[in-house]
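**Student:** Here's a sequence, model it:
(one chain, ligands or ions: 1)
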Amino acid sequence: MGAGIVGTALAAYLGERSGLDITVLERGPGDRLLGSTGHAPGFLGLLNEVPVATELARTSSDAYERLEHRGLAGFDRVGGLEVATSSAEMTRLEIRAELAGTYRLPAQILTASQAAECAPSLVDREACIGGVLYPHDGTARANAITAAYKVRAMQGGATFVHDAAVTAISVNGREVRAVGTVDTQFHADDIVIACGVWGPMIAPLVEVELPLTPVAHPYVYGPDVGGNLAQGPFVRWPEHHVYARAHGPRLGLGTYDHQPRPVPIDELGHTAEQRWPGALFDDAVARAMALLPAVHRFTPEKRLNGVFAMTPDNLPLLGPVGDIGGLWAAEAVWVTHAAGAAHALAQLMTGTAPDIEGLEALAPGRFAGRTDQELTESSLRLYRDIYSST
Ligand SMILES: Cc1cc2nc3c(=O)[nH]c(=O)nc-3n(C[C@H](O)[C@H](O)[C@H](O)COP(=O)(O)OP(=O)(O)OC[C@H]3O[C@@H](n4cnc5c(N)ncnc54)[C@H](O)[C@@H]3O)c2cc1C
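**Tutor:** Down below sits the predicted model:
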């Protein structure tokens, strides 16, 4: 269920096995992505203090690098630059760079001038103390990746059914039996919930819990400045909870520096986009914009209030769900981790030993016994620091 980047990649990996009959049911149309995948600006940073997340990101970036769709590469390994504007932050970034070494990830400590030279449209030499460049990070084209996986999945025999919202799941004893849309039943031995922020609407159909919280997040695009801006690394200012990149001739900038804004399930529409909430996001964007060199600050031409899923520990919900045989989840998975997560789940589903260790840290049932309120609060607490883990 769900043909965002996660469900589509999973269908492609399952399609590599013989003897499987794979159907992807997607509520949206076939010609565009209405879920979070269709909105993601595509930052892919490999380093995470949780080893399994780093491995999922590494696997994903390697997979995306090999994909292309209609001449667009899945991944540009342009690097990721973390910038400090205070000496305390620079010390923290240096400690993080040491951690990268333990994961065999290259990290280069840069002076302020080197950091500004690396990303001249984004780093203000005057405000910068220094930075760390992660050359293996980069930017993913989530739309192109999903399209490429769809082609591969169909070549592997998968069928995609669009305009097909799942409204029912049949369980026989403790085994899944079928999924239903308003007018059709599809027999199924295994069912995967890959519905992104809408996962919690599916979970009650089988009386299980998927503790994820949809949150609203601002990202703005600047005007077309004509010609391509220097396509250097994407840049993060972890202490300010801000990140930015060039998209061809435009700059793009996102910020977590605001009161978290959970989106109640009953306010989710059919797209992972919400109305811009005015001052809450305007003020945060204005603060973020002040980090750019004065000549590159811009008036947003497009403002996106996108919705994505947070979990209480910032990790995906990946694996078997509850005690219902054949029910699986691949939820709250970032683009950063999607291919690795899909590949690992395909291995679990087909009884193959996973290549990646530590998947139990992602088990969907790991929060059992905690109240909904606690889980939501934990998820929201992590929102601001999504890019400054460690
Ligand atoms: C503004 C923004 C910025 C982001 N930035 C980044 C970033 O820089 N880096 C990064 O790694 N990630 C980023 N993300 C997060 C990332 O986009 C998501 O985590 C990822 O795309 C989720 O993919 P998915 O396939 O799980 O979900 P989705 O893409 O949401 O797909 C779920 C699909 O399920 C379908 N569906 C829902 N309900 C049903 C149903 N009942 N029946 C059938 N189908 C159903 C939906 O229509 C949808 O197509 C960002 C997200 C947003 C919104």
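**Student:** show me what contacts the residue of the stretch 251-390 of the chain found nearest the ligand?
**Tutor:** In the stretch 251-390 of the chain, no residue comes nearer to the ligand than Gly306, which is 2.7 Å away by C-beta to the nearest ligand atom. Backbone N, C-alpha and C define where each C-beta goes, glycine included. Counting by C-beta atoms under 8 Å, 6 or more residues apart in numbering, Gly306 touches Ser36, His39, Ala40, Ala216, His217, Tyr219, Ala272, Glu273, Gln274.
**Student:** swap in Gly196?
**Tutor:** Gly2, Gly4, Val6, Gly35, Ser36, Thr37, Ala272, Phe308, Ala309, Glu331.
**Student:** Give me the below-cutoff pLDDT ranges for the stretch 151-300 of the chain.
**Tutor:** Across the stretch 151-300 of the chain, not a single residue meets the criterion (pLDDT under 70).
**Student:** give me the subset of the contacts of Gly306 touching the ligand.
**Tutor:** When contact is defined as C-beta under 6 Å from any ligand atom, the contacts of Gly306 meet the ligand at Ser36, His39, Ala40, His217, Tyr219, Ala272.
**Student:** all helices of the stretch 251-390 of the chain, in order?
**Tutor:** 279-289, 335-349, 372-383 (DSSP state H, counting those that start in this stretch).
**Student:** can you give me the strands in the stretch 101-250 of the chain?
**Tutor:** Ranges of strands in the stretch 101-250 of the chain, per DSSP state E, counting those that start in this stretch, are 108-111, 130-134, 138-140, 159-161, 168-172, 175-180, 185-187, 191-193, 213-221, 234-237, 242-247, 250-255.
**Student:** The longest one packs against which elements?
**Tutor:** To tie it back to what came earlier, the one meant is strand 213-221. If you count contacts as 3 or more C-beta pairs under 8 Å, 6 or more residues apart in numbering; DSSP states H and E, strand 213-221 packs onto strand 250-255, helix 279-289, strand 302-310, helix 372-383.
**Student:** The fourth one too?
**Tutor:** With contacts defined as 3+ C-beta pairs under 8 Å, 6+ apart, the packing partners of strand 159-161 are strand 23-25, helix 142-155.
**Student:** Enumerate the residues of the stretch 1-150 of the chain near the ligand.
**Tutor:** With the criterion set to C-beta under 6 Å from any ligand atom, the stretch 1-150 of the chain comes near the ligand through 1-7, 25-28, 34-37, 39-44, 142.
**Student:** change it to 8 Å
**Tutor:** Taking C-beta under 8 Å from any ligand atom, the part of the stretch 1-150 of the chain that reaches the ligand is made up of 1-8, 25-28, 33-44, 140, 142, 146.
**Student:** same deal with the stretch 151-300 of the chain?
**Tutor:** Contact residues (C-beta under 8 Å from any ligand atom) of the stretch 151-300 of the chain with the ligand: 164-167, 181, 194-199, 201-202, 217-219, 243, 254, 270, 272-273.
**Student:** Of these, grab the buried ones for PyMOL.
**Tutor:** Buried residues within those, by 16 or more other C-beta atoms under 10 Å, are selected in PyMOL with:
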select buried, resi 164+166+181+194+195+196+197+198+199+201+202+217+218+219+243+254+272+273
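**Student:** count of residues packed around the nearest residue to Leu382 once chain neighbours are set aside?
**Tutor:** Distances taken as C-beta to C-beta, 6 or more residues apart in numbering place Asn314 nearest to Leu382, at 4.8 Å, with adjacent residues excluded. Asn314 is flanked by 20 other residues according to other C-beta atoms under 10 Å.
**Student:** Same check on Asp282?
**Tutor:** Other residues near Asp282 come to 16 when the count uses other C-beta under 10 Å.
**Student:** out of the contacts of Gly196, which is most surrounded?
**Tutor:** Val6 (34 neighbours).
**Student:** contacting residues around that residue?
**Tutor:** Thr37, Ala194, Gly196, Ala330, Val333, Ala338, Ala341, Ala342.
**Student:** Output the ones next to the ligand among the contacts of Gly306 in TSV; the columns should cover distance to Cys128.
**Tutor:** Listed next are these as TSV, based on distance: C-beta to C-beta, whole Å:
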residue	distance to Cys128
Ser36	31
His39	29
Ala40	27
His217	25
Tyr219	22
Ala272	33
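**Student:** Just the closest of these to Leu110, please.
**Tutor:** Nearest to Leu110 among these: Tyr219, at 25.5 Å, using C-beta to C-beta.
**Student:** My guess is the closest one contacts Gly252. True?
**Tutor:** Yes. Tyr219 is in contact with Gly252 according to C-beta atoms under 8 Å; the separation is 6.4 Å.
**Student:** residues shared between the contacts of these two?
**Tutor:** In contact with both Tyr219 and Gly252: Pro41, using C-beta under 8 Å, 6+ apart.
**Student:** Can you give me every residue that contacts the residue nearest the centre of the chain?
**Tutor:** Central residue of the chain (C-alpha atoms, centre = their mean): Trp334, 2.0 Å from the mean position. When contacts are counted by C-beta under 8 Å, 6+ apart, Trp334 touches Phe308, Pro316.
**Student:** What residue, apart from its backbone neighbours, is nearest the residue of the stretch 151-300 of the chain found nearest the ligand spatially?
**Tutor:** At 2.6 Å from the ligand, Gly196 is the closest residue in the stretch 151-300 of the chain, using C-beta to the nearest ligand atom. Nearest residue to Gly196 in three dimensions, chain neighbours excluded: Gly35, at 4.7 Å (C-beta to C-beta, 6+ apart).
**Student:** gap between that neighbour and Thr146?
**Tutor:** Distance of Gly35 to Thr146, given as C-beta to C-beta, to the nearest Å: 10 Å.
**Student:** which neighbours do the two share?
**Tutor:** When C-beta under 8 Å, 6+ apart defines a contact, the residues bordering Gly35 and Thr146 alike are Gly4.
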